[in-house]
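Student: Pasting the sequence and the predicted model now:
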Amino acid sequence: MAVPIRVAVSGAAGQISYSLLFRIASGEIFGADRPVHLHMLEIPQVMDKLEGVAMELTDCAFPTLAEIKMFDNADEAFDGINQAFLVGSRPRGPGMERAELIKVNGPIFVGQGKALNRAADDVRCMVVGNPANTNCLIAMNNSDVPNDRFSAMMRLDENRAKSQLAAKAGVPVADVSNATIWGNHSNNQYPDFENAKIDGKPAAEVINDEAWLRDTFIPTVQERGAAVIKARGASSAASAASAALDHVNSLITPTPAGDWFSASVCSNGEYDVDPGLMFGFPLTSTGNGDWKVVEGLPMSDWARGKFEASLNELRTEREVVKDLL
Ligand SMILES: NC(=O)c1ccc[n+]([C@@H]2O[C@H](COP(=O)([O-])OP(=O)(O)OC[C@H]3O[C@@H](n4cnc5c(N)ncnc54)[C@H](O)[C@@H]3O)[C@@H](O)[C@H]2O)c1
């Protein structure tokens, strides 16, 4: 058997985790021969529900699931972990503004960022809980773990974009590559069709319908989360869990030559994004958990306007939480 991995999942009794935990435990992501030690983190009020999740995980009899631990505090939950999935956060209440949501979630990620100091030396942390970019920014700024070990999820948006392009072009989704979601995981994100490819050719040429790309594709991807809530009566869960696994998989698998994937990472000034901001970029990885921003992609003035809108939104979010950084 390979070296065991300790994986923490926060929000472990929530709906995304109800899919995510089982797929992690099954060996799907870290390998069929790698024992998984699960550290499930929740708030004290839902520990009974979490117990039920643990019972179901046990009942799956996954050969890779070596241990299940339950915690109601991050300091203990993150002790010795190699990978963190920060899924838990306070949901937006009725009539709650985005700025208010950011404020109520901020302190959670201050504490979790500090708690990550107790993790193993090789720890990597990905954030799903919304507002994902800014929660990740807070955790990163409150932790001694190096900045390049933090990332926030843009992958659900990327997967949505690829599926929309594939459906429009009438091709299998595997034919779509080089999809980038720039900026914030919010409805101000910019899904880039100018650099996307279908079967190795520019997507815009294959689809040949600029009006659809600008006026249907982009809002469909930006508003997809709301459309799922309207249809299902609950927010995206299985697709979000799947995207979280894709996100980590892209960091631990060498990126296929010529392709890239999207995640929000700490800017080093690429594309004139403020250094230190968590921003959705096109990335490649050598497969060691590392990443590098793909530089020099062209962008029309129209696209740059969309990019700037997302950048400005992230600057505003940073301003709201500046006392926590
Ligand atoms: N980045 C993305 O693409 C994306 C996609 C979908 C959902 N999300 C976000 O993911 C988050 C989780 O979604 P969900 O549907 O599973 O929500 P959910 O409400 O079903 O579950 C969230 C869980 O987090 C727990 N929690 C709250 N505060 C916590 C804390 N301090 N420590 C540990 N656990 C805590 C809650 O008790 C709850 O069980 C939400 O913020 C949602 O908006 C992000």
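Tutor: Happy to help now that I have it.
Student: Neighbours of R315, how many?
Tutor: R315 is flanked by 12 other residues according to other C-beta atoms under 10 Å. The way it works is simple: take the backbone N, C-alpha and C, and place the C-beta from them, glycine included.
Student: Surely it touches L277?
Tutor: Yes: at 7.3 Å, R315 counts as touching L277 under the criterion of C-beta atoms under 8 Å.
Student: How is the protein divided into domains?
Tutor: 5-152, 155-324 (automatic domain parsing).
Student: Those domains: which one's closest to the ligand?
Tutor: domain 5-152 (2.0 Å; C-beta to the nearest ligand atom).
Student: Kindly check the end-to-end length of the closest one for me.
Tutor: 21 Å (C-alpha to C-alpha, to the nearest Å).
Student: How about stretch 124-141?
Tutor: 14 Å.
Student: which bits of the stretch 101-250 of the chain sit near the ligand?
Tutor: Contact residues (C-beta under 6 Å from any ligand atom) of the stretch 101-250 of the chain with the ligand: I108, V128, G129, N130, A132, M153, L156, H185, S235, S236, A237, A240.
Student: would you list those residues in CSV and tack on neighbour count?
Tutor: Converted to CSV, those look like this (neighbours: other C-beta atoms under 10 Å):
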residue, neighbour count
I108, 21
V128, 29
G129, 25
N130, 22
A132, 26
M153, 30
L156, 26
H185, 28
S235, 16
S236, 19
A237, 17
A240, 22
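Student: mean confidence score for stretch 267-282?
Tutor: Confidence over stretch 267-282 (mean pLDDT, whole number) is 98.
Student: whoops, stretch 131-138 was the one
Tutor: Stretch 131-138 shows a mean pLDDT of 97.
Student: Leaving out the residues flanking it, which one is nearest to E51?
Tutor: Ranked by C-beta to C-beta, 6 or more residues apart in numbering and with sequence neighbours excluded, the top spatial neighbour of E51 is M70, at 7.1 Å.
Student: Over to stretch 221-241 now: how far is its first residue from its last?
Tutor: End-to-end span of stretch 221-241 (C-alpha to C-alpha): 18 Å.
Student: what residues does that stretch touch?
Tutor: Outside stretch 221-241, the residues that touch it by C-beta atoms under 8 Å, 6 or more residues apart in numbering are 15-20, 23, 128, 153, 156-157, 159-161, 164, 181, 187-189, 191, 220.
Student: what's the answer for stretch 131-140, then?
Tutor: 86, 89, 98, 101-102, 105-106, 108-110, 112-113, 116, 125, 127, 129, 147, 150-153, 184-186, 264, 266, 277-280, 314, 317-318, 320-321, 324-325.
Student: Just the buried ones from those residues?
Tutor: Neighbour counting by 16 or more other C-beta atoms under 10 Å classes 86, 89, 98, 101-102, 105-106, 108-110, 112-113, 116, 125, 127, 129, 147, 150-153, 184-186, 264, 266, 277-280, 314, 317-318, 320-321, 324 among the contacts of stretch 131-140 as buried.
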